[in-house]
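> model this:
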Amino acid sequence: MTKLSEYVDIAAMEYLLETGKDELDAHWIAAFFQDSGVLDDYPQQDLVAFAALVQKELTSMSERAGKHARFRLDKIARFVRPRRKPH
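Presented below is the predicted three-dimensional model:
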């Protein structure tokens, strides 16, 4: 049986790859919840609670990506040296 946290990770990654957005769409997550087997493996799982977990993961992924991008830009900026004006 797949862990619930794995379903959350899969849903977040698939959603991000399909849409490129970090705000979860209710129709998309409802379809995923039904079609992916979450409901079969976890019959007591609430769709709203599952959607909240996926949204939390999407937010976390977005924040990590932003942090990584800022780190890379800072690293690039350190290597770029201003050109000297000729005398």
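> for the record, mean pLDDT for the biggest helix by length in the chain?
If you go by DSSP state H, the chain has its longest helix at helix 47-79. Per-residue pLDDT over helix 47-79 has a mean of 93.
> would you mark the buried spots in that helix?
Residues of helix 47-79 classed as buried by neighbour count (16 or more other C-beta atoms under 10 Å): 50, 51, 53, 54, 55, 57, 58, 61. For the C-beta atoms, the positions are set from N, CA and C on the backbone; glycine is no exception.
> adding distance to residue 43, write these out as a markdown table.
A markdown table is the format used below for these (distance: C-beta to C-beta, whole Å):
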| residue | distance to residue 43 |
| --- | --- |
| 50 | 12 |
| 51 | 17 |
| 53 | 17 |
| 54 | 18 |
| 55 | 22 |
| 57 | 22 |
| 58 | 25 |
| 61 | 28 |
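> from residue 17, how far out is residue 68?
In this view, residue 68 and residue 17 are 17 Å apart by C-beta to C-beta, to the nearest Å.
> what's the answer for residue 35, then?
16 Å.
> again, but for residue 63
For residue 63, the distance to residue 17 - C-beta to C-beta - is 18 Å.
> same check, this time on residue 75
Per C-beta to C-beta, residue 75 is found 26 Å from residue 17.
> what does residue 25 give?
14 Å.
> neighbour-wise, which of those two wins?
Taking neighbours as other C-beta atoms under 10 Å, residue 25 and residue 17 compare with residue 25 leading, 14 against 8.
> residues contacting the more buried one?
Neighbour list for residue 25: 15, 19 [criterion: C-beta atoms under 8 Å, 6 or more residues apart in numbering].
> give me the distance between it and residue 80.
As judged by C-beta to C-beta, residue 25 and residue 80 stand 39 Å apart.
> which residue is nearest the centroid of the protein?
What sits nearest the mean C-alpha location of the chain, by C-alpha atoms, centre = their mean, is residue 58, with 3.2 Å.
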